[in-house]
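**Student:** the following comprises the amino acid sequence and a computationally predicted model.
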Amino acid sequence: MSAPLLGGPPRVVSLGLDLFARTLESLDVPVVHLAWAPPAGGDPRLAALLERLEARAEAIERANTEALGRLTGGEPFVVDCRPAWEALELPERTVLHSGPPITWERMCEPVRAAVLCAIRYEEWAANDDAARALVERGAVKLEPCHHWRAVGPMAGILTRSMPVFVVENRAHGNKAYVTINEGLGKVLRYGANDESVVARLRWLATEAGPLLGAALRRSGGIDLRSLMAQALRMGDEMHQRNLAASALFVRALLPHAAHVADRHHALARLGEFLSGHDQFFLNLAMAAGKAMADPAAGVADSTLVTTLARNGTDFGIRVSGLGDRWFTAPVEMPVGLYLPGFGPEDANPDMGDSAIVETIGLGGGAMAASPAVARFLGAGGVHEAMAATAEIREICVGEHPIFRIPALDERGVPVGIDVRRVVETGVTPIINTGIASKKAGVGQVGAGVVRAPLGCFTAALEALAG
């Protein structure tokens, strides 16, 4: 004879909204809650697109396995630092910027200010009015860094005489490039544009860059993947926090710099600059991410994201199976902590190519390795950090074999953002970011997090299903 239905305590599974589960928990009733929602938020058009792709699931999974293997199998080494005209063959009167393509008229104020400052730095114009006239009549060309195998933080400005790190992916033979991180305070990447900005850029070009290049050439290349894996174990997530990675890089570099330095006090100036700059490694992490992600592009049928980038106006993604095509949507406002005297009303919408690190599983997706960064989510702490990584795992197809998190029993960071999973769940990548002033000349006003807009992913899904 079967046991009576009410012969024991109730066992409850709650589905969907958590109101019922929370009510039972308040009454000390054990409950298991499943946070279920209809696919694609119940949108029938998007659900139909997902169903259309499901018919090709076998081919897509094979392609995603191939793309993920390329993404996680990269071996980035920083091997040199040279002027952009030499490393990229960047021509005269070309200014590279972050994010997807954008016209001068649609650029936000801090990016415009950085473009004008770069033109003055290159001495193509004597002042901002003359620089603006060059841009407006097409005498200066504006292009995304990504179109030149490069990445740039925040405004992402890169011109021909600026020194760039050369990062070589020794597993696939491709290279990526990034400027030297300028440090803190008033800097070009945040839209600051006074003469102190230009003076620092010139010091990087004439002294720091050549010394870094000579040291790197003597080293034979520094293994960035191993360094990043170690820094992850030391509390960095390689976007908002690069304290350990910067220290590890300096330790690897300085012996070689000491051997090649031949200018009076040049090594001392470089050492002071590096030792006072906890975020120095960010640019190198970005170039490593670019070098690792590029080989994953162009895999037919793959639905994995190979680029996340923003320019202060638009957020853009690129998808492996769709090549170099951009899918854009209006960029979101970051939320986080502000420097004294500033608040959300001072902030510019998000910008920068630095979200390439989220593309390879670091940054927001690796928050569980860096609880200190979770304070930018609000209350902050270990619980929030773990939750952020768990959420991103829902939209990724795999785990990184090298980038592992000790606090999660050595599980790899979630990696391989899948357009299908983003649209199906409604979970968009969370990105750790700096916050720039919306006004030219001010610079950084805070740091926080931002979400990628869902519109990029729905547009890409339409293209994949078409």
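**Tutor:** Thanks, I have the structure now.
**Student:** when you work out contacts or count neighbours from here on, use the C-alpha atoms and nothing else.
**Tutor:** Noted.
**Student:** give the buried residues for the helix or strand where residue 399 lies.
**Tutor:** Applying DSSP states H and E as the criterion places residue 399 in strand 396-405. Buried residues in strand 396-405, counted by 16 or more other Cα atoms under 10 Å: 396, 397, 398, 399, 400, 402, 403, 404, 405.
**Student:** separation between the last one and residue 432?
**Tutor:** Between residue 405 and residue 432 the distance, using Cα to Cα, to the nearest Å, works out to 18 Å.
**Student:** and if you look at the fourth one?
**Tutor:** To residue 432, residue 399 is 20 Å away according to Cα to Cα.
**Student:** ok, now the first one?
**Tutor:** The spacing between residue 396 and residue 432, counted by Cα to Cα, is 17 Å.
**Student:** got it, and residue 314?
**Tutor:** Separation of residue 314 from residue 432 (Cα to Cα): 17 Å.
**Student:** before we move on, back to that, which strands or helices does the helix or strand following the strand holding residue 399 pack on?
**Tutor:** Once the chain leaves strand 396-405, the next helix or strand it forms, by DSSP H and E, is strand 411-417. On a contact count with 3 or more Cα pairs under 8 Å, 6 or more residues apart in numbering; DSSP states H and E, strand 411-417 meets helix 356-359, helix 382-393, strand 396-405.
**Student:** parallel or antiparallel, list what pairs with strand 411-417.
**Tutor:** Strand 411-417 pairs in its sheet with strand 396-405 (antiparallel), by DSSP bridges.
**Student:** where does this protein dip in pLDDT?
**Tutor:** 1-11, 13-22, 24-29, 31-37, 376-380 (pLDDT under 70).
**Student:** per-domain residue ranges of it.
**Tutor:** As assigned by automatic domain parsing, the chain contains the domains 12-37, 47-71+297-465, 73-288.
**Student:** longest helix in the chain, please.
**Tutor:** Longest helix of the chain, by residue count under DSSP state H: helix 243-260.
**Student:** what packs against that helix?
**Tutor:** If you count contacts as 3+ Cα pairs under 8 Å, 6+ apart, helix 243-260 packs onto helix 209-219, helix 224-233, helix 266-275.
**Student:** need the residues that contact it.
**Tutor:** 211-212, 214-216, 218-219, 222, 227-228, 230-231, 234-236, 238, 267, 271, 274-275, 277-281 (Cα atoms under 8 Å, 6 or more residues apart in numbering).
**Student:** rewinding a little: out of the helices and strands packed on helix 243-260, flag the one nearest residue 351.
**Tutor:** Nearest to residue 351 among the helices and strands packed on helix 243-260 is helix 224-233; the distance by Cα to Cα comes to 23.4 Å.
**Student:** which other residues reach that closest one?
**Tutor:** 75-78, 237-238, 242, 244-245, 248-249, 284-285, 288, 369-370, 402-406.
**Student:** what's the end-to-end length of stretch 395-412?
**Tutor:** With Cα to Cα as the measure, stretch 395-412 spans 15 Å from end to end.
**Student:** show me where the stretch 301-450 of the chain has strands.
**Tutor:** With strands called from DSSP state E, counting those that start in this stretch, the stretch 301-450 of the chain shows them at 305-311, 314-319, 327-330, 335-338, 351-352, 396-405, 411-417, 430-436, 444-451.
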